[in-house]
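Undergrad: Provided below are the primary sequence and the corresponding predicted coordinates.
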Amino acid sequence: MKAEIFRSLKQGLPIGKNGELISWGAKLNELKACSEVYSEESNRPTHIFFGTKEVFPNIKLALYTPFDTLRNNDNKDYLFHVGQNLNANNTDSLVKDLTALLGIADEASDLDGIYRRWEDGVVFIEVIPRSHHGSDWNAIITRKKNCL
């Protein structure tokens, strides 16, 4: 199952307004038509919400970008990550569900909260505790390395 999920993630995410595939590397300013909420400031997207979508089998996530841990999108103008904040109650069950789908995480720690990372060298899925990224929330990020 893990190999299938990562193979499909390499192409992009089915998070468009009507479930269409949004490719990694898509220009952020071209995502307005396929997002639920689109905000910009000085012609730069500041918040793109794709709605609640099933990205992983039987797991729905309310994904957006630029995500708070990469608030300025690493000064890039293309899609390379999406994320969702999680409260502590959601984190345990999400990690359990992801582990059932993806197997044991490639990296894991419970030292300062739940941290898990599954990856295949190109795409990674990361559940991070709030202490890890200085937020009030735990989070999940799905990201592709080297989109362009």
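TA: Structure's in. What do you need?

Undergrad: report the buried residues of stretch 83-100.
TA: Residues 83-86, 91, 94-95, 98 are the ones in stretch 83-100 that count as buried (16 or more other C-beta atoms under 10 Å). All C-beta atoms are positioned from the backbone trio N, CA, C, and that covers glycine.

Undergrad: ok, which pair from those is furthest apart?
TA: Asn85 and Leu98 (16.2 Å; C-beta to C-beta).

Undergrad: quick one: the helices in the chain, in order.
TA: For the chain, the helices defined by DSSP state H cover 2-9, 88-102, 130-133.

Undergrad: mean pLDDT lowest where, among those?
TA: Mean pLDDT across the helices of the chain is lowest at helix 130-133; the value there is a mean of 56.

Undergrad: where in the protein is pLDDT low?
TA: For the chain, the stretches flagged by pLDDT under 70 are 67-74, 131-137, 147-148.

Undergrad: quick revisit: between the buried residues of stretch 83-100, which is nearest Lys144?
TA: So of the buried residues of stretch 83-100, ranked by how close each gets to Lys144 (C-beta to C-beta), first place is Gly83, at 12.9 Å.

Undergrad: that closest one and Thr65, how far apart?
TA: Gly83 is 7 Å from Thr65, where distance means C-beta to C-beta, to the nearest Å.

Undergrad: overlap of the contact sets of those two?
TA: Listed as contacting both Gly83 and Thr65 by C-beta atoms under 8 Å, 6 or more residues apart in numbering is no residue at all.

Undergrad: quick check: bridge partners of the residue lying closest to Ala88 once chain neighbours are set aside?
TA: Nearest residue to Ala88, sequence neighbours excluded (C-beta to C-beta, 6 or more residues apart in numbering): Asn138, at 6.4 Å. With DSSP bridges as the criterion, Asn138 is bridged to Leu86.
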